[in-house]
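Colleague: one predicted model, sequence on top.
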Amino acid sequence: MNTVTPRLFVAATQQNDGKTTTALGLFAALQKRRGRIGFIKPVGQRFVEIEGQRIDEDSVLMDQTFGVKTPLEAMSPIAVEPDFTRRYIENSNNEFLVRRIQHSFDRAAWEKDFVIAEGTGHAGVGSVFDLSNARVAHLLGSKAILITGGGIGRPIDEVALNKALFDREGVELVGVILNKILPDKFDYIRDFAQRGFARLGIDLLGAIPEEPILRNPTLGQIAKTVRGAFLNAGNRSRRRVQKVIIGAMNSEHAVQYFKPGTLIITPGDREDVILAALAANTHSEHDGPSLAGLVLCNDLQPGAVVLEQLKNSEIPVIATPFDSYAVASGIHSMTVKTQPGDVEKIEKIQALVERYVEVDRLLGKL
């Protein structure tokens, strides 16, 4: 296996701490400093079907964003499908999987000046099939960096636990990046977290504030979550939702919550709320940003006249079989992933990492 090309294994203390976001930002930052950057996600759990192959979503994101020029199957050698773990326990094939990862790394590193390897969750994820993140980092001969959520006590505890697994595999943890720090507590948290990590001999290499655009879902993502379909304006599926309200009250009371960027959830037969939304949206389009959209619930639709008005309007409308509570709960708990082609969000991620992560000091440790 290639032992020459510099590499970094990016892991996190838990799911949704911002590992992919950070890896994407680091890719752009390293591209400026090192030139040709390779990417591999050795073990992926969320995948899409491309030409009959299961490819991890993050590998697709990196390839479509940066044009990595590596075969997708090499960037995503192992996709953990639903029965993967059961089959592995029944018939262990660890040697085959290890060879596949290492061979794929050779292809990902071919003619590259640096390679980013992205893990899956915390250091222990994958242990059930003998390929924990810590183990994979060891197999690749890579040093590691941990991404953790903004805070002091809990992140330090979780990093200490993850470091123990990396230490056991002989993988050097070069540092930590704190992510999603509340802006009004940014300096305070960064200061005390840095001191807390230092007591454990761990270097804080970056602290990134929470950014609304990164947590706000698009209409397309919401439609997928609630198994909905666009009745109109499907071309606005990338419109980002800033706030969600349930329009269950009288329209005269509901209208005060109809602000720009707001998504309104309402039963499909509440014509008073729908007409109020249409009126509010028509007014706002002349004065600035409009409502994000409407979600009509319970597989109900308004009468023919109002439905025609909706279809002829500029406000995106999603119809779903779920009730208002299920829709609101689904949106609240959904994981907002960065999508290929989400230019505004990707540019924001790159700017955040360039500004708040000490990339040059990180490179010095590698």
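Modeller: Received it, and whenever you're ready, just let me know what you need.
Colleague: ok, residue 350 to residue 214 distance?
Modeller: 12 Å (CB to CB, to the nearest Å). C-beta here means a position set from N, CA and C on the backbone, and glycine is covered the same way.
Colleague: cool, and residue 267?
Modeller: According to CB to CB, residue 267 and residue 214 sit 31 Å apart.
Colleague: number of residues surrounding residue 246?
Modeller: Residue 246 has 18 neighbouring residues, counting by other CB atoms under 10 Å.
Colleague: isn't it up against residue 267?
Modeller: No. Between residue 246 and residue 267 there is no contact under CB atoms under 8 Å: 9.6 Å.
Colleague: which ones are touching residue 174?
Modeller: Counting by CB atoms under 8 Å, 6 or more residues apart in numbering, residue 174 touches 8, 143, 144, 145, 203, 205, 362, 365, 366.
Colleague: repeat that for 6 Å
Modeller: Applying CB atoms under 6 Å, 6 or more residues apart in numbering to residue 174 gives the contacts 143, 145, 365.
Colleague: SS state for it?
Modeller: Using DSSP: H, G, I helix; E, B strand; the rest coil, the structure places residue 174 in strand.
Colleague: quickly list the domain ranges of the chain.
Modeller: Per automatic domain parsing, the structural domains of the chain span 7-215+338-364, 219-333.
Colleague: what would those domains look like in TSV with distance to residue 1?
Modeller: Formatted as TSV, the domains of the chain follow (distance: least, CB to CB, whole Å):
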stretch	distance to residue 1
domain 7-215+338-364	4
domain 219-333	38
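Colleague: in CSV: the ones you listed, plus mean pLDDT.
Modeller: Formatted as CSV, these follow (pLDDT from 0 to 100):
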stretch, mean pLDDT
domain 7-215+338-364, 94
domain 219-333, 87
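Colleague: mind listing the strands for the stretch 101-250 of the chain?
Modeller: Taking DSSP state E, counting those that start in this stretch as the test, the strands found in the stretch 101-250 of the chain are 114-118, 143-149, 173-181, 204-209, 229-232, 243-246.
Colleague: what segments of the stretch 151-300 of the chain are helices?
Modeller: Shown for the stretch 151-300 of the chain, the helices assigned by DSSP state H, counting those that start in this stretch span residues 153-168, 186-199, 212-215, 219-225, 251-254, 271-287.
Colleague: now for the second one, which elements pack on it?
Modeller: Based on contacts counted as 3 or more CB pairs under 6 Å, 6 or more residues apart in numbering; DSSP states H and E, the elements that helix 186-199 packs against are strand 173-181, strand 204-209.
Colleague: in TSV: those, plus distance to residue 273.
Modeller: Listed next are these as TSV, based on distance: least, CB to CB, whole Å:
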stretch	distance to residue 273
strand 173-181	34
strand 204-209	36
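Colleague: out of those, deepest packed?
Modeller: Mean neighbours per residue, mean count of other CB atoms under 10 Å, is largest over the helices and strands packed on helix 186-199 for strand 173-181, with a mean of 24.
Colleague: pairing partners for it, with directions?
Modeller: strand 143-149 (parallel), strand 204-209 (parallel) (DSSP bridges).
Colleague: give me the angle between it and helix 186-199.
Modeller: Using axes from the mean of the first three to the mean of the last three CA atoms, to 10 degrees, the direction of strand 173-181 lies 160 degrees away from that of helix 186-199.
Colleague: chain center to strand 173-181, what's the gap?
Modeller: Distance of strand 173-181 from its chain centroid, counting by CA atoms, centre = their mean, to the nearest Å, is 16 Å.
Colleague: same deal with stretch 126-146?
Modeller: Offset of stretch 126-146 from its chain centre (CA atoms, centre = their mean): 21 Å.
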